[in-house]
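Trainee: Here you go, sequence then predicted model.
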Amino acid sequence: SNGTSSNGKGSVSAATTDPPTAAAPAAATKTATRVRSAKSLIDYGVIPAPPSSRHAIWSEQVWPHSIGLNRQIFCNRSLNMKQIKAIGFDMDYTLAQYKPDTFEELAHQQTVDKLVTAFGYPPDLYGFKFDWRYMMRGLIMDKKRGNVIKVDRHKYVKVAYHGFRQLSRDERNQCYNLSAVRDDFEEPNYGMIDTLFSLAEAYLFMQLVELADQHPSKLPNFSGYAGIYRDVRAAVDLCHRDGSLKRHVAANPAKYIHEDPHLVSMLQMYKKSGRKLFLATNSLWDYTNVVMNYLCSKRVGKSKNDEWLRLFDVVIVGCGKPGFFSERRPLFAVNAKDGTLQNTDNGAPIIPIGEEDLPDDIQLGSTMSQLDLADEDKAAAFQGGNYTDLHQMLGIRSGTQVLYVGDHIYGDILRSKKSLGWRTALVVPELEQELAIRAATKATQRELRMLRIARADLDNQIHRLEWAFKMGEIRPQDMSKNEQELERLRLDRERVKDQHTVLLKEHHEAFHPVWGQLLKTGYQNSRYGHQIDRFACLYTSHVANMAFYSPDTTYTGRIDYMAHEDIFGDDAAQN
């Protein structure tokens, strides 16, 4: 034994080995100050609106110029737009971006009212206050335990709250991470918060869990947290069925829906490019007509008309996604003037037995023939049906010829891609905020990487010195100084670990003080981010960002890196 240990760079004296330079307290303080500065510049929880000022879209530019980061479309899977024959759009939270401070507040109020008046909950619920900034997409409601959790792509729970109390690491691990069988976090035991429509109900679920725990006498019919979840979900459904929400929006669309100055120009550009455009929404005709009139021409009330149909080739309302992608359902033609429905035979009008019963202006023949019209003609409108009806109307032979743009990772993106092979684009308005914060915290991200490297190097030196003690490699005369060296290394490691923990916490709180980054959980992609990576060919902050790209562009997917490639950098990975 010669009293030496290895640090991976040759044999050196353990007693004289200098530990990696850890971040000095002053440097950590500066970085923390930068994080707090980034937090002060950006209002957490805000879902950015579409750009308010009009800019030249791609077809209006003499020479196309570079696209700002917040207007870019990001590509997970390469997509040549020349192969796309039809482009479809969801309406709610895709073409129509709702204002969370008014719309989600309204949804919370209406759901509370239904719980009190229809489900027997106490009037105390009217005193509930709603913080529309608190929740985010990608979270999961644990119906049985009354928890809301954030999960990474490996199904590891990194953040968990019971009501509004954060679970400790030990509580979280005992509930989820140390079980013999890892949970899949799917229905029926869990509820997904995968659409912006779910934020208000998730917050209300947390409020009711708090009420059940702190004042159980106020919920005499309490039968478990799953019962609370079931009642909240049923109350939300009732709000949609009885038109509570939609009546308020119809009365004052400007209060609840953002304007988008690029939307109509974007639709016109893609239609002029030769693509067939379709709207496929779960909303029924009456509400769809209200929203589309406001978005396309700011028409409200009696001034509404059906001119917006000229922007599309087919409109399908009440399509019932995701069942639309797999189930056969009756298809009805919609009279755009009064919203009445007419039976069809796979889209073709059903002709009455007596010719005298025929309306004077009826067009005989299949729906397909009605679509072979000039650009200025209005779309045919339908309710229900199935994707096969839509493919027939559009003349689509393969699902790969369709690009569908939506906001719901399951209802719009996952099912259409897995079942039909449609190409997909996900609208993530929160992405604009995430990009701004990442840009403001670049120095913090570098600091975190350095601290991780420093900690790993310190671990390696400590392990080697501990090994030397265990194997009897340390000479008696060197025991004291090596013990001192080991203690110093351990103190350095704890200091680096504490600095890293504090800085990482502040970094995540810059995005959201409760849940952190939308698409990350710690250093891993969140479950929601993983789903986007797997199922969304494209994703972007707003649907009208498509206006700044050529209709024939080729979106190129990023290079995939495995862990062993990342250490060589970009150039090596491309060769």
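Mentor: Noted; the coordinates are in hand. As the structure is a prediction and not an experimental result, all values here were calculated from the model.
Trainee: which residues are in contact with stretch 218-236?
Mentor: Surrounding stretch 218-236, the residues in contact under the criterion Cβ atoms under 8 Å, 6 or more residues apart in numbering are 107, 111, 114-115, 118-122, 124, 141-146, 191, 201, 204-205, 208-209, 211-212, 216. Where you see a C-beta, it was placed from the backbone N, CA and C, and this is true even at glycine.
Trainee: Try it again at 6 Å.
Mentor: Defining contact as Cβ atoms under 6 Å, 6 or more residues apart in numbering, one finds that stretch 218-236 is touched by 111, 114-115, 119, 122, 124, 143-144, 146, 201, 204-205, 208-209, 212.
Trainee: which residues in the stretch 301-450 of the chain form helices?
Mentor: Listed in chain order, the helices of the stretch 301-450 of the chain (DSSP state H, counting those that start in this stretch) span residues 367-371, 387-394, 415, 430-440, 442-470.
Trainee: In a markdown table, list those along with mean pLDDT.
Mentor: As requested, the helices of the stretch 301-450 of the chain are arranged in a markdown table below (pLDDT from 0 to 100):
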| stretch | mean pLDDT |
| --- | --- |
| helix 367-371 | 43 |
| helix 387-394 | 94 |
| helix 415 | 87 |
| helix 430-440 | 92 |
| helix 442-470 | 94 |
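Trainee: possible to save those as JSON lines with mean neighbour count?
Mentor: Shown next, in JSON lines, are these (neighbours: other Cβ atoms under 10 Å):
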{"stretch": "helix 367-371", "mean neighbour count": "17"}
{"stretch": "helix 387-394", "mean neighbour count": "20"}
{"stretch": "helix 415", "mean neighbour count": "21"}
{"stretch": "helix 430-440", "mean neighbour count": "18"}
{"stretch": "helix 442-470", "mean neighbour count": "16"}
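Trainee: Just tell me which of those helices ends up closest to residue 249.
Mentor: helix 430-440 (21.5 Å; Cβ to Cβ).
Trainee: Specify the angle between the closest one and helix 442-470 in degrees.
Mentor: 70 degrees (axes from the mean of the first three to the mean of the last three Cα atoms, to 10 degrees).
Trainee: Convert the C-alpha atoms of helix 430-440 to CSV, please.
Mentor: Coordinates of the C-alpha atoms in helix 430-440 are reproduced here as CSV (Å, rounded to 0.1, in the frame of the first residue of the first chain):
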residue,chain,number,x,y,z
GLU,A,430,-47.9,27.8,-22.5
LEU,A,431,-44.9,27.1,-24.6
GLU,A,432,-44.3,30.8,-25.4
GLN,A,433,-43.9,31.5,-21.6
GLU,A,434,-41.6,28.5,-21.2
LEU,A,435,-39.4,29.6,-24.0
ALA,A,436,-39.1,33.1,-22.6
ILE,A,437,-38.1,31.8,-19.1
ARG,A,438,-35.6,29.3,-20.6
ALA,A,439,-34.0,32.2,-22.5
ALA,A,440,-33.8,34.3,-19.3
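Trainee: And stretch 216-231, how far out from the chain middle?
Mentor: The chain centroid and the centroid of stretch 216-231 are separated by 29 Å under Cα atoms, centre = their mean, to the nearest Å.
Trainee: Just the buried residues of it, please?
Mentor: Using 16 or more other Cβ atoms under 10 Å as the test for burial, stretch 216-231 gives 219, 225-226, 228-229, 231.
Trainee: Could you list which of the residues you listed belong to helices?
Mentor: Among those, DSSP state H puts 225-226, 228-229, 231 in helices.
Trainee: quick one: which of the residues you listed is nearest to residue 461?
Mentor: Sorting these by distance to residue 461 puts residue 225 at the head of the list, at 48.2 Å, by Cβ to Cβ.
Trainee: Three-state assignment for residue 222, please.
Mentor: Residue 222 falls in the coil class when you classify it by DSSP: H, G, I helix; E, B strand; the rest coil.
Trainee: Next one: it from residue 122, what distance?
Mentor: Taking Cβ to Cβ, to the nearest Å as the criterion, residue 222 is separated from residue 122 by 11 Å.
Trainee: before we move on, the earlier item: I'd like the helices of the stretch 301-450 of the chain as CSV, with distance to residue 323 appended.
Mentor: As requested, the helices of the stretch 301-450 of the chain are exported to CSV (distance: least, Cβ to Cβ, whole Å):
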stretch, distance to residue 323
helix 367-371, 21
helix 387-394, 10
helix 415, 9
helix 430-440, 27
helix 442-470, 42
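Trainee: sorry, back to before: report the two of the ones in helices among the buried residues of stretch 216-231 separated the most.
Mentor: Among those, 225 and 231 lie farthest apart (Cβ to Cβ), at 10.7 Å.
Trainee: Near residue 254, how many other residues are there?
Mentor: Using other Cβ atoms under 10 Å as the criterion, residue 254 is surrounded by 13 other residues.
Trainee: can you put the buried residues of stretch 216-231 in CSV and add pLDDT?
Mentor: Shown next, in CSV, are those (pLDDT from 0 to 100):
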residue, pLDDT
219, 91
225, 96
226, 96
228, 96
229, 96
231, 96
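Trainee: Now flag whichever of these is closest to residue 400.
Mentor: Using Cβ to Cβ, residue 229 is the member of the buried residues of stretch 216-231 that sits closest to residue 400, with 38.2 Å.
Trainee: now the angle from the helix ranked longest in the chain to helix 442-470?
Mentor: If you go by DSSP H, the chain has its longest helix at helix 479-511. Angle, helix 479-511 to helix 442-470, by the same axes, to 10 degrees: 150 degrees.
Trainee: what sits up against the helix or strand following helix 479-511?
Mentor: Reading on from helix 479-511 to the C-terminus, the next helix or strand found by DSSP states H and E is strand 520-521. Defining contact as Cβ under 6 Å, 6+ apart, one finds that strand 520-521 is touched by 150, 152, 158, 526.
Trainee: Quick one: the residues you listed as a markdown table, columns for neighbour count, secondary structure and distance to residue 308 too.
Mentor: Listed next are these as a markdown table, based on neighbours: other Cβ atoms under 10 Å; DSSP: H, G, I helix; E, B strand; the rest coil; distance: Cβ to Cβ, whole Å:
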| residue | neighbour count | secondary structure | distance to residue 308 |
| --- | --- | --- | --- |
| 150 | 25 | strand | 39 |
| 152 | 19 | strand | 42 |
| 158 | 21 | strand | 44 |
| 526 | 26 | strand | 37 |
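Trainee: so which of these would you say is closest to residue 280?
Mentor: Closest approach to residue 280 among the contacts of strand 520-521 (Cβ to Cβ): residue 526, at 27.6 Å.
Trainee: so what's that closest one bridging to?
Mentor: Beta bridges link residue 526 to residue 152 when assigned by DSSP bridges.
Trainee: quick one: it and residue 138 touch, right?
Mentor: Yes - counting by Cβ atoms under 6 Å, residue 526 does reach residue 138; the two are 5.4 Å apart.
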